[in-house]
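> only geometry, no sequence info:
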């Protein structure tokens, strides 16, 4: 007979609120009328705010619950807050986006919330099985979201591709978990870490194989080269707001679990995986940036850009230690704001039946809509790492950590990649400001939620660039909570 | 009063103000931009008055923690090296904006906003005493310049703008890695993580590492100067940029490179710099002659002036490479000269481009008759650029040659020919444009300079004469700083020499932290 584990409901509160919000949104849909269903968005936003507030009040606690499968520590809370922000901004931009698409269904909002729940679960789980559970909750919602524009062929294609390759990746991850279990007799991260100190002989081989498979599994989810091939098609085909959620939220969640497992649990084998990650980082940065150069579709370009950014994040993981870990966390915040902002601009430029997703549609937009132009300029310059914007500080922290740990070569490859990336980011600005076009633009102020999203992301991108100190300190403390 | 902070950020007030103005009325926008470029200039005059010529250290410093976890602070100050560069910037900016009243007709609001943003970034880079802060301004500078060229430039503006952006980015990002390496080495050995320039000056990097770090810094700055053979972005950028952009590019932005050598690359890595000086002098000499020769055959006025910049900045680098009092002072003086003369040359080219929409020398000839005032002004500017005694260019070139002759004799001898070539290409250009028959009917109807245009040129002309006839007030403010600067370098060399001997005795070379 198995004794029921003790449950700390306080620790579970953020997730409970999130779950109830998602369920509420699902049920409330029955009473919603009209195409936009923005009431559901409000419900979602309220739930996310409540989740975030709860998470903040738990900031100074450290609670392990459900037999050590979940832990509420600063690391988990940091990501919980990040996911609330990401998901909140996604909902906010969706509230104006959905009305321009064929997605006239209330499931959308609850799926976003369920996906967020999965992300939070992934970041707070300290058991491989629970991490997997989180991953699946997150991913299954995302598969559905990718295909939610049912009448659009490319949305269907995106969903199917994402599902098949995602399932494949899950398989790798599970196999890795199984091998680690075989080697250590446990799936709990703290227990595994403990057993690994004494592991030897044949088991050592199992651990190495397990690590490799986990790496592949996480590599798929963060879209690291060579496990990235799904990303461009899925990003391009999915509804843009879903793409934003995938590019930012899902990637961050995957990194949260990735970093927890590798930079903490498997840290004693870091000599084994650092070299592999080094290669992955270089490949991911280079392939991402170079392929982005030739894209004609902005969502595809941003997909490759997000691959490249996964590369920079991997540099932070290779650098390791306190500096590398906190740099990864900080970078994720910066990346979240600038990427969400960029996708919000993509949405703002689209109209019903005219998604305007080709780069050529951006011609002349800068002067015809000064606000959208300035917004895109901020995001593109930040993504390419120009000071004084968030992206620059993020890269500064990452490369600084790399240099500190002696990976000067990696840092040089990283900055040269940044130079390559300038070409395509600035290419967007070239089109917006230096060429003439005829794209008709809806005034951003006529879509209040989208406008708010843009204002929030712009302010965050600039303020994080000018005053990064306090959030960098939060990131540092959060990373230190791992140990 | 933190006067430097006000000088640097005053143009941002203009940016905010202009952002709130309606975009469709040209006149108020132009006036507002001009008015908002003045406070920095007035304040920098006050700064000049308050500057203590005898004090070789940083003056009017201000410091505030910015990213304390990394030892990064907002730290500014000026000394005899940066004083006049700040003044040059604040002096040129109102004139450039005034000149822009005439030749910028579309998107005036954005143009003016970018100019003011650019001013803040440039001033910030000149006064920054923290490597991170400097880097931020240095990179931020690129964005407004990029837009100025890309939006308001000529035919091939997009190509030129991107080329400039990418060239500069390669250099500066490698410099960033070098900065990080330096800072972490300092942290590993001294225990303190800091980007403070003063503290990093006092830190000796092992020679092997110094070479790499110096190379990274030198690359970034040499691209910006630009030194032969890294100059290829410049003619494109200059040719395609609008007049105001060219003036600022030549007048101030290029100085950022030479200033960077003087402020960062050389004093941070004196041993490696010492080794590299002959190479720098050689490339400078080649640049002087190459720039002059290429300039001679340019059919396009603007391209001609652009290549003359390559030649003139060769002189600046040659003087700096001498690393003695005359050479360095001459080098700084020549930075100011080049800023004024070449800036004015671009303004002159801008004047006829605005009227004729061509810059091809063969389109002109005999302009002396319809444009007497313009021709007179152009002549003074041209002669100042040639280096005619009595005008500013002569003082700088003379000091540079004086300083460098004893140190880099061969390079100086080669460089001197550049003075002659300079006279050739500039005077020949002047001759073809101004004299001869007025055989192109389109040129007959040209109107001479307006009052506004004359007002743009007068302050510059005055400075050309003042700096040519009475360089004392300028040099006396540079000299203490330069001498102290050179003294510090010598001291570091001496220490390094003795430690080399010591390590030779102990046979335990110091390699800790050097292998990263």
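Received it, and whenever you're ready, just let me know what you need. Because the structure is a prediction, the values reported are computed rather than measured.
> quick one: the strands in the stretch 51-200 of chain A?
With strands called from DSSP state E, counting those that start in this stretch, the stretch 51-200 of chain A shows them at A:63-65, A:70-72.
> OK, contacts around residue 454?
With no chain named, the answer covers chain A. Residues in contact with residue A:454, defined by C-beta atoms under 8 Å, 6 or more residues apart in numbering or on different chains, are A:341, A:344, A:345, A:348, A:371, A:372, A:375, A:444. Every residue, glycine included, has its C-beta placed from N, CA and C.
> chain B is the one I meant
Residue B:454 touches B:373, B:377, counting by C-beta under 8 Å, 6+ apart.
> close to chain A: what parts of the stretch 251-400 of chain B are there?
By C-beta under 8 Å from any C-beta of the partner chain, no part of the stretch 251-400 of chain B sits against chain A.
> measure the nearest residue to residue B:290 once chain neighbours are set aside to residue B:386 for me?
Leaving aside its chain neighbours, residue B:290 sits nearest to residue B:228 (5.3 Å; criterion: C-beta to C-beta, 6 or more residues apart in numbering or on different chains). Distance, residue B:228 to residue B:386, using C-beta to C-beta, to the nearest Å: 21 Å.
> please apply the same query to residue B:51.
31 Å.
> out of those two, which sits in the busier spot?
Between residue B:51 and residue B:386, counted using other C-beta atoms under 10 Å in any protein chain shown, the more crowded position is residue B:386 (22 against 17).
> next one: phi and psi at residue 436?
Because you didn't say which chain, this covers chain A. Backbone geometry at residue A:436, expressed as degrees, to the nearest 10, gives phi -100, psi 140.
> ah, no, chain B please
Dihedral angles (degrees, to the nearest 10) for residue B:436: phi 80, psi -180.
> nearest to chain B, of the contacts of residue A:454?
Ranked by distance to chain B (C-beta to the nearest C-beta), the contacts of residue A:454 are led by residue A:371 at 11.0 Å.
> the closest one: neighbour count?
17.
> can you check residue A:186 too?
By the criterion of other C-beta under 10 Å, residue A:186 has 16 neighbours.
> for the closest residue to it other than its chain neighbours, list the residues it contacts.
Nearest non-adjacent residue to residue A:186, counting by C-beta to C-beta, 6+ apart: residue A:192, 5.5 Å away. Residue A:192 is in contact with A:128, A:180, A:184, A:186, A:265, counting by C-beta under 8 Å, 6+ apart.
> would you mind measuring from the first one to chain B?
Which is residue A:128. 33 Å (C-beta to the nearest C-beta, to the nearest Å).
> quick revisit: most neighbours of all the contacts of residue A:192, which one?
Result: residue A:180 is most packed of the contacts of residue A:192 (other C-beta under 10 Å), 28 neighbours.
> please report the distance of it from residue A:255.
Residue A:180 is 19 Å from residue A:255, by C-beta to C-beta.
> related to what we said a few turns ago, highest mean neighbour count out of the strands of the stretch 51-200 of chain A?
For these, average neighbour numbers computed from mean count of other C-beta atoms under 10 Å in any protein chain shown are highest in strand A:70-72, which has a mean of 23.
> show me what that one is in contact with.
Strand A:70-72 is contacted by residues A:8, A:11-12, A:58, A:61-65, A:121, A:124-127, A:130 when judged by C-beta under 8 Å, 6+ apart.
> what residues does chain B have near chain A?
B:23, B:66-70, B:107, B:110, B:132, B:135-136, B:139-140, B:142-143, B:146-147, B:150-151, B:157-158, B:161-162, B:165-166, B:169-170, B:173-174, B:176-177, B:180-181, B:183-184, B:187, B:516.
> among the residues you listed, which are located in helices?
Judged by DSSP state H, helices contain the following of the residues of chain B next to chain A: B:110, B:132, B:135-136, B:139-140, B:142-143, B:146-147, B:150-151, B:157-158, B:161-162, B:165-166, B:169-170, B:173-174, B:176-177, B:180-181, B:183-184, B:187.
> flag every buried residue along stretch B:184-195.
Using 16 or more other C-beta atoms under 10 Å in any protein chain shown as the test for burial, stretch B:184-195 gives B:184, B:185, B:186, B:187, B:193, B:194, B:195.
> need those residues in CSV (columns: pLDDT).
As requested, the buried residues of stretch B:184-195 are exported to CSV (pLDDT from 0 to 100):
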residue, pLDDT
B:184, 92
B:185, 91
B:186, 91
B:187, 91
B:193, 89
B:194, 91
B:195, 92
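> one step back: and the contacts of strand A:70-72, which are buried?
Buried members of the contacts of strand A:70-72, counted by 16+ other C-beta under 10 Å: A:11, A:12, A:58, A:65, A:121, A:124, A:125, A:126, A:127, A:130.
> can I assume the residue nearest to residue B:290 sits in a helix?
No: looking at residue B:228 with DSSP: H, G, I helix; E, B strand; the rest coil, it is coil, so not inside a helix.
> can you give me phi and psi for the residue of the stretch 101-250 of chain A found nearest chain B?
Residue nearest to chain B within the stretch 101-250 of chain A (C-beta to the nearest C-beta): residue A:225, separated by 21.4 Å. Backbone torsions for residue A:225, taken as degrees, to the nearest 10, come to phi -70, psi 140.
> for residue A:224, same thing?
Dihedral angles for residue A:224 - degrees, to the nearest 10 - are phi -90, psi 140.
> wait, it sits on residue A:276?
No: using C-beta atoms under 8 Å, residue A:224 is not in contact with residue A:276; the gap is 10.6 Å.
> these two: which is more packed in?
Taking neighbours as other C-beta under 10 Å, residue A:224 and residue A:276 compare with residue A:224 leading, 29 against 14.
> just the pLDDT for that one.
Note on residue A:224: pLDDT of 92.
> okay, now the nearest residue to it once chain neighbours are set aside: neighbour count?
Of all residues not flanking residue A:224 in the chain, residue A:284 sits nearest, at 4.6 Å (C-beta to C-beta, 6+ apart). Residue A:284: 29 surrounding residues under other C-beta under 10 Å.
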